[in-house]
Each structure stands twice: as structure tokens, then as C-alpha cells.
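Engineer: Model the following, please.
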Amino acid sequence: MSEPQQPAGERQFMLRSIFVKDLSFESPNTPDIFREQWKPESSLHLDIKVNQLTDDTHEVVLTVTVTAKLDEKTAYLVEVQQAGIVTIAGFEPPELGPLFYVYCPSILFPYARQAVTDLVAKGGFPHLVLQHVSFDTIYAQKLAEQAGDGADADSPATTH
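Structural biologist: Residues are numbered from 1 along each chain as shown. Prediction:
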């Protein structure tokens, strides 16, 4: 079955699929860590990669990494790569950055958040709630930083 042809110049954004590309859970200090008082220091790191598959089809990969430590001991480290295949056509190049680094990650993040939450719970740790992430704000900050040092705007990543 062939795809319907879009008239020339018509904007198109189509989410083709969402999938887990990779996931990992490490808990190197269990079971000893369970005997300690649970007051972890947690960190969240986000990264977005865009891979062009065809002229107008791309894979967007949101990597979410959460690390929880008690003192200097790692309680757990979770990494989820949540990906989506999108078809984007009819947009000007300056419009693609917000689509790839704001809109797509906003779609993918709830799936990644659920995977992280499930892995932490299955690891025997207290419930983890990852708060909403403003990819608009992250993208704007990265553009401002990159404008200051002349870096490439194609790979926003952040740590919270």
C-alpha cells in the first residue's frame, strides 16, 4: 500500500512509530544499599539525537539517564533510549530544530518516564516520579549557549 502523495510545499509531520531503542538498569550495591536510610541524591541527564533515515524521515532518540546515590555509593543507574520515527516535509531548515528538539522529545518523554519508573520499581526501590521537562526552555538555553561559543545547535543535552 503506497503513501498518499502530499502536494508540493505542504507541511507534513507524521509520527510513524514510537519504540524503546535501549534500556539499562544497574544497581551495583544491592542488597547492602537497602539497609541504608533512603535519602538519595538524584541526577537526571537528557540527550537528544536525530538520525536522518531518508530525505524526509528521521529517527529521534531521547536518552533519559537517572542516577541515584547514597553518599558516594550508587543505588541505581537507569538509562532509557526512547525513539520515534517521524516524517517531516515542507518545513524550512530553521523550523526543524524546534520540531526535532522540542516537539518530538515532548512526545517521547512520557514513554521514557514510564519506562524509568517501572525499572526503578522493579529494582526494589521507592517510587520515582520524574517531573515534566520543558524542552522549550532547554532548547532556548542551548541555542543561547551555542550562540555564545559558536557551537553546533544540533545536539542539545542537559543535566538536571
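Engineer: CA atoms for contacts and neighbours, from now on please.
Structural biologist: Will do.
Engineer: neighbours around the closest residue to Asn29 other than its chain neighbours, how many?
Structural biologist: Distances taken as Cα to Cα, 6 or more residues apart in numbering place Ala75 nearest to Asn29, at 6.1 Å, with adjacent residues excluded. Using other Cα atoms under 10 Å, Ala75 has 25 other residues around it.
Engineer: One more: Phe135?
Structural biologist: Around Phe135 there are 20 residues (other Cα under 10 Å).
Engineer: hang on, isn't it packed against Leu99?
Structural biologist: No: at 10.6 Å, Phe135 does not count as touching Leu99 under the criterion of Cα atoms under 8 Å.
Engineer: shared neighbours of the two, which are they?
Structural biologist: Residues touching both Phe135 and Leu99 (Cα atoms under 8 Å, 6 or more residues apart in numbering): none.
Engineer: Please tell me I have it right and the residue nearest to Asn29 contacts Thr30.
Structural biologist: Yes: assessed by Cα under 8 Å, Ala75 is found in contact with Thr30 at 7.4 Å.
Engineer: mind checking the longest strand of this structure?
Structural biologist: strand 73-89 (DSSP state E).
Engineer: What residues sit buried inside the helix or strand following that one?
Structural biologist: Heading C-terminal from strand 73-89, the first helix or strand you meet, by DSSP states H and E, is helix 93-98. For helix 93-98, burial by neighbour count (16 or more other Cα atoms under 10 Å) applies to Gly97.
Engineer: Give me the residue at the spatial middle of the protein.
Structural biologist: In the chain, the centroid-proximal residue (Cα atoms, centre = their mean) is Leu62; its distance is 2.6 Å.
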